[in-house]
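In: Provided below are the primary sequence and the corresponding predicted coordinates.
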Amino acid sequence: EVQLVESGGGLVQPGGSLTLSCAASGFAFGSYDMSWVRQAPGKGPEWLSQIRRDSGATYYADSVKGRFTISRDNAKSTVYLQMNSLKPEDTGVYYCTLQIESYNFWGQGTQVTVPS
């Protein structure tokens, strides 16, 4: 059974930093690209970043480019999202996701709150 468990969210002041983790199990972690998606209150999901399975390439949405860094540790089956220079508009629930064949798996999410 595929499981994705996010952690590391919390309340942080504007300009602060957080590192999110996503512990994965139930599949061959090193064989799949991993992504982070967030959902702000009252809005639809927003794709943020992806890391390719071999860690050779990373991709970012314009809204987080230069502030967020995605990484992975295949030995620990964990993907990370380092978030710097946080803004109130970064508030939301953050999910790690992956696609296996035609199915998208999501974790339960972790809340990040940046007050204005």
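Out: Now that the structure is in, tell me what you want to look at. Numbering: from 1, shown residues only.

In: list the contacts for the spatially most central residue of the chain?
Out: Taking C-alpha atoms, centre = their mean, the centroid of the chain lies closest to residue 36, which sits 3.0 Å from it. By C-beta atoms under 8 Å, 6 or more residues apart in numbering, the contact list for residue 36 reads 20, 22, 47-50, 68, 70, 79, 81, 94-97. Just so you know, the C-beta spots here come from the backbone N, C-alpha and C atoms, and that holds for glycine as well.

In: In strands, which of these fall?
Out: Judged by DSSP state E, the subset of the contacts of residue 36 located in strands is 20, 22, 47-50, 68, 70, 79, 81, 94-97.

In: now the residues you listed: which count as buried?
Out: 20, 22, 48-50, 68, 70, 79, 81, 94-97 (16 or more other C-beta atoms under 10 Å).

In: all strands in this structure, in order from the N-terminus.
Out: Ranges of strands within the chain are 3-7, 10-11, 18-25, 34-39, 45-51, 58-60, 68-73, 78-83, 92-100, 103-106, 110-113, based on DSSP E.

In: could you dump the last one to CSV, C-alpha only?
Out: The C-alpha coordinates for strand 110-113 follow below in CSV (Å, rounded to 0.1, in the frame of the first residue of the first chain):
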residue,chain,number,x,y,z
THR,A,110,0.8,19.4,6.5
GLN,A,111,-0.4,22.9,7.3
VAL,A,112,1.8,25.9,6.8
THR,A,113,0.6,29.2,8.1
